[in-house]
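Engineer: Structure of the sequence below:
(chains A and B)
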Amino acid sequence: MGRAAYIRRRFVLMAFVLFGVSIVIFGMVRILPGDPAFLILGDRATDQKAAELREQLGLNRPILEQYWRFVSGFAHGDMGQSLLYRQPVGDLVLTRVPVTLALSAYAMGLAAIITLTFGILAAVNKGGWPDQLIRLGFLFALTTPNFWFGILLILLLGLTLHWFPVAGFGDTLAQHVWYLFLPALTLALQLSAVLIRNLRGQIILTMRSDYVRTAHAKGLSSSLVLLRHVLRNALLSTVTIFGLQFGFLVGGAIVIETVFALPGTGQLLIQSITARDYPVVQAITVISAILVIVVNLVVDLSYSFLDPRVTYE
Amino acid sequence: MFARKTGWPVLWVVIAALLLSACTQTPTGTGSSPTQSAQASPASKVLRMARNAEPFSPFVPWQIDDNPALFISVNVYDTLLRTTKDGTGVEPGLATKWTPSADGLTWVFTLRDGLKFSDGSAMTASDVKASLDMARGGEKSAWKDNYVAIKDITATDAKTVTITLKQPYAPLLSVLAMFSGGILPADMAKATDAKDYDNTLAWKTKGTGAYYSEGWKKGDPIILKRNPNYWKGTPAVDQVRIEYIPDDNTRVLKLQGGETDVADFVPFSQIAALNTQPSVKAQTFSIQQTAFVILNNSKPPLNDVKVRQALNYATDKAAIIKNVYFGQATPMNSPIPQGTYYDKSLPGYPYDLDKAKALMAQSSGAAGFKVDMQVRSGNTNFANTAVILKDAWAKIGVTVDIQTLDTAVVRTNYRAGDYMTTPAAWTNDMNDPTEIVNYAMRGGASPFAYWTRYNNPDLNDKITKADLEQDATKRQAAYSEIQKIYLDAAPLVFIAYLGASAGWRSNIDGFYIDGLSYYRFEDVKISK
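Structural biologist: Numbers count the residues shown, from 1 in each chain, chains lettered A, B, ... in the order given. Prediction:
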């Protein structure tokens, strides 16, 4: 089976995964206690008014019908109406997905740079002070809650040094890139903490292998050996973790978006869960699931570029 | 050893790449600081505000049921009358003069000369009629209950509105000063009730207020532009830009960093520290807000008035005010907020452990008992209050089981009567006590005296009579009696009068939060 067939099969599998996700999220938001009608209308609402609203919003229809509307609507690109904001979910969510996506991609980009820099630096200095310092520093990043870490970065780089804005999203593309730096760095530092440990270990392991010794014996320069032979082999498992961590990144973005006041899906998700805005919660969850699946597919495909021996069966 | 040699060249490549990427990623970072980049140019004055929440109700005055929307509404849609700054009376708004008939059933309102909507079109009595008719009878109005006394509204001529009542109704003027009675052009007002009315239309506002909006999409900052036709004169600030910053710390940091001019809901704990900085000011404004604990009066032993009084006496208000509200609150002495007809002579329940123990000994709960306290997750003030109460009530043999639950769950539970105690807060929407008295004290029907299930038919009668009473002195006396009866019955544990906090850059003048917790941008000035 070639790569194309493999991708096709993955897409079929994706449909099954999404079906499962849709059932779980649909059931979960409805199991949560709390009536959206009263949350929308406020404490002063009468029972009659709440009943009218439920009727209007379709919340009193049979549960299977509600599920069918959700799934069939989604398949047709119609994500329904937000209960709270009374506007199409598509309008609410789709403008926010790029923000979360940009934040995640930005964070992954920064994480890749940080991981390569410090992973290699730690590995080549194994046991030396740069290695110890890097391991200690990133252990701190890993064990610190990211909302607190974000505030630390704001205090230092935003408020004291004025290098970056404290919070917000800006208005132009250039401003977006600038405003997103601190939140992306917050996420990236935590992500790198995991990756650096892995990469460092893999590099050290690979450097002991016979073909590396052979490469040196052939007279290749040290940097060429490291780049072409060591890194490429060592990266395989790091890339796997990198891909898996995308899910974690989307989760972390929820908190970070609130701290940095970014208009992404995470912030909307929190509001929507609190308000029991079922269609919005469902839409964001399903879209996030699609993103995670796609990123993992991309990661799986990247193996063959890193290691030509990998075939897709 | 060879590892060290191989490492460095690669490292330099990586570092160079890192620096390169850092440079390309921050094109604006080198040239301008955050303060300069915000769009305030000297020619146009922009006030930047960081707010803790985003509106969600349809932006139609009578359909609004959330604070962030109504705070904007008062800047956009004027009402016939206005609540005074201290929140205890009413003053002229769009109407300059009003005269009741001798029987109190007919009220004639005279409108200001030359009133215009923000688009320049004239505002007349028929716009007032159309808007108020929607507020009191519109399918989607959230505030119909406040207008039930009104029988009819007529536009007698372009400048005169006549309101006839079914029965005399003392709170009428206060009701007309509520945000829900904001005036829209007649055609726009009528369109809001259509089944498929689109909220994006509502954000293209046309009001007589100091500012107007050309549209807003959730997630974007809210932009308010000054109304050149405003009847009080053009406001000093050209544009207000309201950004949604949900995190308390972030809002304060943005204020300190000069990225915003005003921030609301500054944590009480940070007010003192902010005032030590020359560039920032922070303050708590007194508003008509109370903090208390709802007791389920239908569940033994909380159905025993002695138990409820004992809990009140055993509550250390000073400790809560100091530790939860950082001194930015005062103990409640009356069950209603400090608005019109609030009785300041009432004693409240001063902390008195001996009295509490004595009352407990005589009560049905003498042997001690256990209650749940349902706390809304995410509300640190309520959570900290609960912790202090757990400790305080333990001293009279009451074991508190703190349950942190999602807000939606707590609300569902107290509507259903499925709780024992839960901390809550109330803010008046109008200066007249009729709102809180009817909501929190009248029993027998939903909302069951603020869901306490307390029901005193004699008090219910007195509440009805107070609404009908026309004479201000007699009404004052009636409300004093109502406050006293309710205080003695102790359906709640009364804690504190709260304030609304805000912080602003020291070059901002005239920002204030009024007695009903609204803020108006019309008086705000930005100096150099």
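Engineer: Contact partners for the spatially closest residue to residue B:332 that is not a sequence neighbour?
Structural biologist: Residue nearest to residue B:332 in three dimensions, not counting chain neighbours: residue B:494, with 4.1 Å by Cβ to Cβ, 6 or more residues apart in numbering or on different chains. All C-beta atoms are positioned from the backbone trio N, CA, C, and that covers glycine. Taking Cβ atoms under 8 Å, 6 or more residues apart in numbering or on different chains as the criterion, residue B:494 is in contact with B:290, B:292, B:312, B:332, B:335, B:348, B:349, B:487.
Engineer: cool, residue B:93 as well?
Structural biologist: Residues in contact with residue B:93 (Cβ under 8 Å, 6+ apart) are B:78, B:79, B:80, B:81, B:82, B:177.
Engineer: Generate a markdown table for those, with distance to residue A:30 as supplementary columns.
Structural biologist: Output for these, formatted as a markdown table (distance: Cβ to Cβ, whole Å):
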| residue | distance to residue A:30 |
| --- | --- |
| B:78 | 43 |
| B:79 | 41 |
| B:80 | 44 |
| B:81 | 45 |
| B:82 | 45 |
| B:177 | 42 |
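Engineer: Now restrict the residues you listed to buried residues only.
Structural biologist: Buried residues within the contacts of residue B:93, defined by neighbour count using 16 or more other Cβ atoms under 10 Å in any protein chain shown: B:78, B:79, B:80, B:81, B:82, B:177.
Engineer: just these now: which is nearest residue A:62?
Structural biologist: residue B:79 (44.5 Å; Cβ to Cβ).
Engineer: So that closest one sits against residue B:181, correct?
Structural biologist: Yes. Residue B:79 lies in contact with residue B:181 (Cβ atoms under 8 Å); the separation is 4.8 Å.
Engineer: quick one: contacts for residue B:405?
Structural biologist: Contacts for residue B:405 were tallied using Cβ under 8 Å, 6+ apart; they are B:374, B:375, B:376, B:377, B:413.
Engineer: Now, those that are in strands?
Structural biologist: Cross-referencing those against strands under DSSP state E gives B:374, B:375, B:376.
Engineer: what's around the first one, how many residues?
Structural biologist: Read it as residue B:374. By other Cβ atoms under 10 Å in any protein chain shown, the residues close to residue B:374 number 23.
Engineer: Report the separation between it and residue A:47.
Structural biologist: 21 Å (Cβ to Cβ, to the nearest Å).
Engineer: pLDDT score assigned to residue 200?
Structural biologist: You didn't pick a chain, so chain A it is. At residue A:200 the predicted local distance difference test score is 90.
Engineer: looking at chain B here, not the other one
Structural biologist: Checking the pLDDT column for residue B:200, the value is 83.
Engineer: Count the neighbours of it for me.
Structural biologist: Applying the criterion other Cβ under 10 Å, we find 14 residues in the vicinity of residue B:200.
Engineer: residue contacts, it?
Structural biologist: The neighbourhood of residue B:200, defined by Cβ under 8 Å, 6+ apart, consists of A:87, B:215, B:217.
Engineer: Kindly give a single ChimeraX line that selects the buried subset of these.
Structural biologist: Remark: buried members of these, expressed as a ChimeraX selection using 16+ other Cβ under 10 Å:
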select /A:87
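Engineer: Ramachandran angles for residue A:88?
Structural biologist: Here is the backbone geometry of residue A:88 (degrees, to the nearest 10): phi -60, psi 130.
Engineer: Look up which residues are beta-bridged to it.
Structural biologist: In this structure, residue A:88 has the following beta-bridge partners (DSSP bridges): residue A:81.
Engineer: so what's it up against?
Structural biologist: Here residue A:88 is in contact with A:78, A:79, A:80, A:81, A:82 (criterion: Cβ under 8 Å, 6+ apart).
Engineer: let's see it at 10 Å
Structural biologist: If you count contacts by Cβ atoms under 10 Å, 6 or more residues apart in numbering or on different chains, residue A:88 has them with A:78, A:79, A:80, A:81, A:82, A:94, A:279.
Engineer: Farthest-apart pair in these, please.
Structural biologist: When the contacts of residue A:88 are compared pair by pair using Cβ to Cβ, the farthest-apart members prove to be A:81 and A:94, with a separation of 14.3 Å.
Engineer: Of those two, which one has the most company?
Structural biologist: Relative neighbour count places residue A:81 above the other of residue A:81 and residue A:94, with 20 against 14, counting by other Cβ under 10 Å.
Engineer: I'm done for today, thanks for sticking with me.
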